[in-house]
Structure formats: structure tokens, C-alpha cells
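Student: what's the 3D shape of this:
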Amino acid sequence: MDTKLFDSTKFAAYFLWEYTHEDNTLKLWRCAEDIAAFLKSSEIFHPDYIVNIIRLGVYDMGYIAFVRQIAYRIFIHTGCGDALANWYSAEKLLANHEWRKAITDMSYIYITKER
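Tutor: Reported below is the predicted structural model:
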């Protein structure tokens, strides 16, 4: 396994744990992989792409749709039925520059491995 991919996934999963309080590390690892796959399919490979989405503002439909995708993946993998908690966790993750770097590194590695 690629060391950078492993380290980035571990780091992204750590912040998922910190913000969601989910105890199952495998679920958090899978959640990080799922979010990175979503970013890959959305062609988001650099933290600045996420920053540009954040700058749209909380009332912009692009921002809402993006955060909804992250919150949905948190719900799927953690089983937390509290939509508001998932939304806030997603926003906290997106505001964290270290998490943005780790998750977009994963996305970039995924796309480069396909080529």
C-alpha cells in the first residue's frame, strides 16, 4: 500500500473520530475512503478547491449540496441518525485545513493510480 495514501487516510479518519465520536475505527477509515472517492468523482484534488466551495457561503446551493454529500457519508458510515450533528461534523471537517489536505491527497492519489 502506498505510504502517503495510508498516512492521509489515517489522518482523515482521525479527524472523523474527533468530530463524530464514532468508536469503530474501521467505519471511520471507510468513511474517509468514501469521501475521498466522492472528491475524486467531483474532480476535487487540492484543498483550495474545497476552500473555494466554502467561500460560496452557507446559503449558496453549491455549498449546501457539497456539505450534504459529506454529511450523508458520515451518516452512512457512522450510523448517526442526527442529521444536524452530521452536518456540523461535516462543516467542522471542511473548516479544518489539515483534514482538507489529507482528504484531497487521498483523492489525488486515487486519480493518479487510475492512470
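Student: Skipping adjacent residues, who's closest to the residue most central in space within the chain in space?
Tutor: What sits nearest the mean C-alpha location of the chain, by Cα atoms, centre = their mean, is Ile35, with 4.4 Å. Excluding the flanking residues, the one nearest Ile35 by Cβ to Cβ, 6 or more residues apart in numbering is Arg73, at 5.3 Å. Yep, even glycine has a C-beta here, placed from its N, CA and C like the rest.
Student: I figured that neighbour hits Phe38, correct?
Tutor: Yes: counting by Cβ atoms under 8 Å, Arg73 touches Phe38, with 6.7 Å between them.
Student: follow-up on the earlier one: could you tell me how far the residue nearest to Ile35 is located from Lys40?
Tutor: Shown here: Arg73 relative to Lys40, a distance of 13 Å by Cβ to Cβ, to the nearest Å.
Student: what about the two, which has more around it?
Tutor: Arg73 (22 against 18; other Cβ atoms under 10 Å).
Student: give me every residue that touches the spatially closest residue to Asn96 that is not a sequence neighbour.
Tutor: Leaving aside its sequence neighbours, Asn96 sits nearest to Phe15 (Cβ to Cβ, 6+ apart; 6.0 Å). Listed by Cβ atoms under 8 Å, 6 or more residues apart in numbering, the contact partners of Phe15 are 93, 96, 98-99, 102.
Student: following whichever strand or helix holds Phe15, which helix or strand comes up?
Tutor: Per DSSP states H and E: Phe15 is located in helix 3-20. Beyond helix 3-20 on the C-terminal side, the first helix or strand identified by DSSP H and E is helix 25-41.
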